[in-house]
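Chemist: I'd like to go over a predicted model; first the sequence, then the structure.
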Amino acid sequence: MEIARPHAPTIRDITRRYYTVWGLYSFAGGFLFGVYPIFLHSRGLDQFQINSVLATYFVVLFLTDVPTGAFADLLGRRRSYVLGAALRVAAFILYFLAHHYYVFLIAESIDGIGTTFGNGAIDAWGVDALDDAGYDGLKDRLFSRISQLTTIGFMGSAMIGAYVADMNIAWPWLLGAGGYVVAGVVGALLMHDERPHATNVRIAAIPLQVASRVTDGVRAGFNAPTVLMLSAAGAITVAAWVPYWISWPLMFNKSLGVGVWIIGSIYCALSTARLIGAEVSARLAVDESQRAARVSMLVIAASTMLFLGGLFGGRPAVSLAMLFIMNLFTGAMMPLVQSWFNEQLESGNRATLLSFRSTFETGGGSIGLLFAGRIADTAGIPFEWQIAGLLSLCAAPVYWAMRRREVADVALVGSAK
């Protein structure tokens with residue numbers, strides 16, 4: 001009697017699992033969105049200290065992202081993801097207990113390490129699995145749906161977190177820790193059938209193998225012009241936009257003065273704008289020859305709205321309207337950029353090169369946070385937003401310069417030796 005072989009996973013099955021893992025992971029992290037800087041301020045930190053805590057997170061990402069991406073390639077995406085979720089649980093519990101600046105730095109460092117272990121693991125697993133199942137064509141719509149799904153997850157948990165924070169500003173950390181426990185368990189169950197990587201790895205050999213993959217991945221990134229330029233443009237936009245994300249809750253919480261719960265509502269409004277933008281991006285077909293121009297125009301539009309949001313900082317309603325429009329443009333842009341980058345990669349070093357890009361972005365974010373914190377302390381948050389809008393404009397010509405390189409560089413990725 002012949003034993004029935006297990007059915008190969010279908011594209012629909014993989015897509016559903018891909019969406020589920022991303023949805024739970026984003027829901028777990030969203031409880032702190034909006035209330036994070038308010039929590040740190042309530043524990044006695046000033047604006048520069050708040051920014052420096054988050055900058056510590058980016059510095060940790062900058063130092064460890066490529067090595068942990070190499071671990072994901074070497075030991076498997078699922079193990080990397082589960083370890084990352086466990087570390088984030090520990091970090092959130094420490095945050096809940098912390099009352100001193102240096103303890104927050106330690107907790108943020110642990111969270112950064114946890115993020116790097118999971119960084120790129122979900123996308124690397126999902127893209128590989130879909131390719132193996134026969135998925136064909138551009139993945140712009142797929143990443144647009146993922147962007148929408150993660151935004152919905154963030155919105156739901158951010159609203160819950162803001163209302164809970166009105167009762168106790170620290171309780172959202174416990175909600176987040178519980179969320180990552182669930183996300184880690186579900187991810188361990190669903191992220192199976194990944195491509196085989198290294199087998200029978202000896203512990204003593206891991207450092208040399210990881211170092212080799214890191215070296216190859218970094219060399220491949222610098223030798224692939226499209227990968228390098230996408231990473232550089234991402235560093236510019238992150239340096240400009242991350243400080244704005246950590247400062248708007250403090251600004252509007254103070255100017256509106258109606259309670260922390262309103263921050264959850266504002267976050268959901270801005271997130272809705274990104275959802276609309278992502279939906280428009282998913283419905284408007286774009287071929288590779290048009291993508292660079294479209295992304296460049298979206299960067300210019302978003303930068304202009306951020307500048308105007310700062311210019312009208314003394315009028316909260318007008319400033320919020322500008323930020324809403326800005327998020328329409330960023331919501332349309334991000335899936336295009338994510339899909340664009342993923343299509344430059346090969347399976348063997350996909351996670352390493354995703355981390356290569358993230359290293360650029362997180363390096364830019366850490367520098368941007370420190371400068372923005374100083375500017376906000378000396379000249380105010382609205383003025384800092386105006387500077388950020390001008391800075392992010394610099395990413396547009398970088399994207400525009402890639403309009404003739406998009407296809408030629410695919411063959412170069414992963415070929416450097």
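Modeler: Noted; the coordinates are in hand.

Chemist: tell me where the stretch 101-250 of the chain has helices.
Modeler: Along the stretch 101-250 of the chain, counting by DSSP state H, counting those that start in this stretch, helices occupy 101-118, 121-132, 140-167, 171-190, 206-223, 225-256.

Chemist: count of neighbours near residue 381?
Modeler: Around residue 381 there are 22 other residues, counting by other C-beta atoms under 10 Å. The C-beta positions use only the backbone N, C-alpha and C, and glycine is treated the same way.

Chemist: just to check, it is in contact with residue 252?
Modeler: No. Using C-beta atoms under 8 Å, residue 381 is not in contact with residue 252; the gap is 9.8 Å.

Chemist: residue 311: what's it in contact with?
Modeler: 382, 386 (C-beta atoms under 8 Å, 6 or more residues apart in numbering).

Chemist: roughly how far does it sit from residue 240?
Modeler: Noted for residue 311: a distance of 15 Å to residue 240, by C-beta to C-beta, to the nearest Å.

Chemist: what's the answer for residue 34, then?
Modeler: Distance from residue 34 to residue 240, by C-beta to C-beta: 20 Å.

Chemist: quick one: which of those two has more around it?
Modeler: Ranked by neighbour count (other C-beta under 10 Å), residue 34 and residue 240 place residue 34 first, with 31 against 27.

Chemist: check what pLDDT that one gets.
Modeler: Per-residue confidence at residue 34 stands at 81 (pLDDT).

Chemist: contacting residues for it?
Modeler: Counted by C-beta under 8 Å, 6+ apart, residue 34 has contacts 158, 161, 162, 249, 263, 264, 266, 267.

Chemist: Provide the secondary structure category for it.
Modeler: Here residue 34 is recorded as coil under DSSP: H, G, I helix; E, B strand; the rest coil.

Chemist: can you give me phi and psi for it?
Modeler: phi 90, psi -50 (degrees, to the nearest 10).

Chemist: enumerate the positions of stretch 268-283 that are buried.
Modeler: Neighbour counts over stretch 268-283 (16 or more other C-beta atoms under 10 Å) mark 268, 270-279, 281-282 as buried.

Chemist: and the helices of the stretch 101-250 of the chain: which comes nearest residue 41?
Modeler: Minimum separation from residue 41 across the helices of the stretch 101-250 of the chain (C-beta to C-beta) falls at helix 225-256, 6.4 Å.

Chemist: so the helix or strand just after that closest one versus helix 140-167, what angle?
Modeler: Where DSSP states H and E defines the elements, the next helix or strand beyond helix 225-256 is helix 261-283. Here the directions of helix 261-283 and helix 140-167 differ by 180 degrees (axes from the mean of the first three to the mean of the last three C-alpha atoms, to 10 degrees).

Chemist: what's the first helix or strand after helix 261-283?
Modeler: Next along from helix 261-283, by DSSP H and E: helix 288-311.

Chemist: what helix or strand does the closest residue to residue 300 other than its chain neighbours sit in?
Modeler: Computed as C-beta to C-beta, 6 or more residues apart in numbering, the closest residue to residue 300 that is not its neighbour in sequence is residue 396, at 5.0 Å. Assessed by DSSP H and E, residue 396 sits inside helix 395-401.

Chemist: what's the answer for residue 324, then?
Modeler: Using DSSP H and E, residue 324 sits within helix 316-342.

Chemist: packing partners for that helix?
Modeler: helix 121-132, helix 140-167, helix 225-256, helix 261-283, helix 288-311, helix 350-379 (3 or more C-beta pairs under 8 Å, 6 or more residues apart in numbering; DSSP states H and E).

Chemist: between those, which gets nearest to residue 27?
Modeler: Here helix 140-167 is closest among the helices and strands packed on helix 316-342 (C-beta to C-beta), at 3.8 Å.

Chemist: burial count for the residue lying closest to residue 333 once chain neighbours are set aside?
Modeler: Of all residues not flanking residue 333 in the chain, residue 298 sits nearest, at 4.0 Å (C-beta to C-beta, 6+ apart). Residues near residue 298, counting by other C-beta under 10 Å, number 23.

Chemist: wait, residue 298 sits on residue 332?
Modeler: Yes. Contact criterion C-beta under 8 Å: residue 298 and residue 332 qualify, at 5.7 Å.

Chemist: per-residue pLDDT, the nearest residue to residue 274 once chain neighbours are set aside?
Modeler: Leaving aside its sequence neighbours, residue 274 sits nearest to residue 331 (C-beta to C-beta, 6+ apart; 3.2 Å). You'll see residue 331 listed with a pLDDT of 88.

Chemist: what distance do you get for residue 331 to residue 337?
Modeler: Remark: distance between residue 331 and residue 337 (C-beta to C-beta) = 12 Å.

Chemist: of those two, who's got more company?
Modeler: The neighbour count for residue 331 versus residue 337, taken as other C-beta under 10 Å, is higher for residue 331 (27 against 21).

Chemist: residue 273 is in contact with the more buried one, correct?
Modeler: Yes. Using C-beta under 8 Å, residue 331 makes contact with residue 273 at a distance of 6.2 Å.

Chemist: ok, the nearest residue to residue 277 once chain neighbours are set aside - contacts?
Modeler: In space, and not counting its chain neighbours, residue 277 is closest to residue 331: 2.7 Å by C-beta to C-beta, 6+ apart. With contact taken as C-beta under 8 Å, 6+ apart, residue 331 is in contact with 147, 151, 273, 274, 275, 276, 277, 278, 281.

Chemist: one more time with 7 Å, if that's ok
Modeler: Residues in contact with residue 331 (C-beta atoms under 7 Å, 6 or more residues apart in numbering) are 273, 274, 275, 276, 277, 278.

Chemist: so which two of those are the farthest from each other?
Modeler: Largest separation among the contacts of residue 331 by C-beta to C-beta: 273 and 278, giving 9.8 Å.

Chemist: so where's the stretch 101-250 of the chain uncertain?
Modeler: Applying pLDDT under 70 to the stretch 101-250 of the chain flags residues 119, 134, 136-140, 144, 193-214, 216-217.

Chemist: actually, the stretch 301-417 of the chain.
Modeler: Using pLDDT under 70, the flagged stretches of the stretch 301-417 of the chain are 345-352, 355, 404-417.

Chemist: re the thing from before, other SSEs contacting the helix holding residue 396?
Modeler: helix 225-256, helix 288-311 (3 or more C-beta pairs under 7 Å, 6 or more residues apart in numbering; DSSP states H and E).

Chemist: buried residues in the first one?
Modeler: What that stands for is helix 225-256. With the criterion 16+ other C-beta under 10 Å, helix 225-256 contains buried residues 226-253.
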